[in-house]
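> Below are the sequence and a predicted model; questions follow.
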Amino acid sequence: MYTILPLAREEAPMIHSLLSSPPAVPVIRRALPADITAIAEIEERSFGDPWDQEVFAEALGYFPTTYFVAVLNGVVAGFVVGAFEETGENLYGHICNLAVSPEYRHRGIGAMILRRAEQQFALEFATGVQLEVRISNTGAQRFYRRLGYREAMTIDRYYANGEDAILMMKWFRF
Ligand SMILES: CC(C)(COP(=O)(O)OP(=O)(O)OC[C@H]1O[C@@H](n2cnc3c(N)ncnc32)[C@H](O)[C@@H]1OP(=O)(O)O)[C@@H](O)C(=O)NCCC(=O)NCCS
């Protein structure tokens, strides 16, 4: 048997505001040239060796279908730059870059944009997805592992500062 207690005076406005303004849900859409400045700002705040704006703009010209942003309340909160790689035997999706603004992390936005890119890779007949991640970036490795990626090999001195990369792969199974 439950007893319904009246709300404390200070709780009532909080519950009312939760009901009247549900939490914002990010919209995932294709990136546009107008997003490049915001994307480059997130990049600057996420990496010690950021891509510059020209590289982001160039990538949009090459791979517009697999380049997405997450928009929350009109603000670009994260992005993924995907590309295709043809090996002769297989077509792979490649995650070239992925970041979420520090203040929007740990809300599932990274997983949403990554899954959207994967969906597009599959629609365009890729057999799987690959990416490189710094050996020191254990947080991102855990994130990718949770989403089904597995370590395939280490690439020695892949980054400009001499750091090794881990190549991670995810195979599509239908
Ligand atoms: C890696 C990165 C893109 C992940 O973005 P994100 O939006 O935080 O990703 P998610 O929220 O989907 O998942 C991150 C963690 O938050 C947790 N999480 C997801 N939703 C959550 C929620 N609602 N509440 C609390 N935690 C949550 C997940 O379990 C996950 O935990 P894990 O890392 O232990 O697996 C982000 O940390 C980032 O931009 N890092 C810097 C750039 C970078 O390293 N990019 C990858 C280069 S290869």
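On my side now, so go ahead. Nothing here was measured: the structure is a model prediction, and the numbers come from that model.

> Roughly how far does A165 sit from the ligand?
Distance of A165 to the ligand, given as CB to the nearest ligand atom, to the nearest Å: 9 Å. Every C-beta, even on glycine, is put in place using the N, C-alpha and C of the backbone.

> Let me know the pLDDT of the closest residue to that residue other than its chain neighbours.
Leaving out its chain neighbours, the residue that sits closest to A165 by CB to CB, 6 or more residues apart in numbering is Y158, at 3.5 Å. We have a pLDDT of 97 for Y158.

> Tell me the bridge partners for the closest residue to A126 other than its chain neighbours.
In space, and not counting its chain neighbours, A126 is closest to G93: 4.3 Å by CB to CB, 6+ apart. According to DSSP bridges, the residues that bridge with G93 are F84, V129.

> Repeat that for V69.
Beta-bridge partners recorded for V69 (DSSP bridges): R29, F79.

> Please tell me how far the closest residue to V75 other than its chain neighbours sits from the ligand.
The shortest distance from V75 to any non-neighbouring residue, by CB to CB, 6+ apart, is to A38 (7.6 Å). Distance, A38 to the ligand, by CB to the nearest ligand atom: 14 Å.

> on that earlier part again, number of nearby residues for the residue nearest to A126?
25 (other CB atoms under 10 Å).

> got a list of what the residue in the chain that the ligand sits nearest to touches?
Nearest residue of the chain to the ligand, counting by CB to the nearest ligand atom: G110, 2.4 Å away. Residues near G110 by CB atoms under 8 Å, 6 or more residues apart in numbering: 78, 98, 100, 143.

> Where does the second one sit: helix, strand or coil?
At L98, secondary structure determined by DSSP: H, G, I helix; E, B strand; the rest coil is strand.

> Which residues are in contact with the closest residue to it other than its chain neighbours?
Leaving out its chain neighbours, the residue that sits closest to L98 by CB to CB, 6+ apart is V80, at 4.6 Å. By CB under 8 Å, 6+ apart, the contact set of V80 is 66-68, 95, 97-98, 113-114, 116-117.

> Nice, that's everything, thank you.
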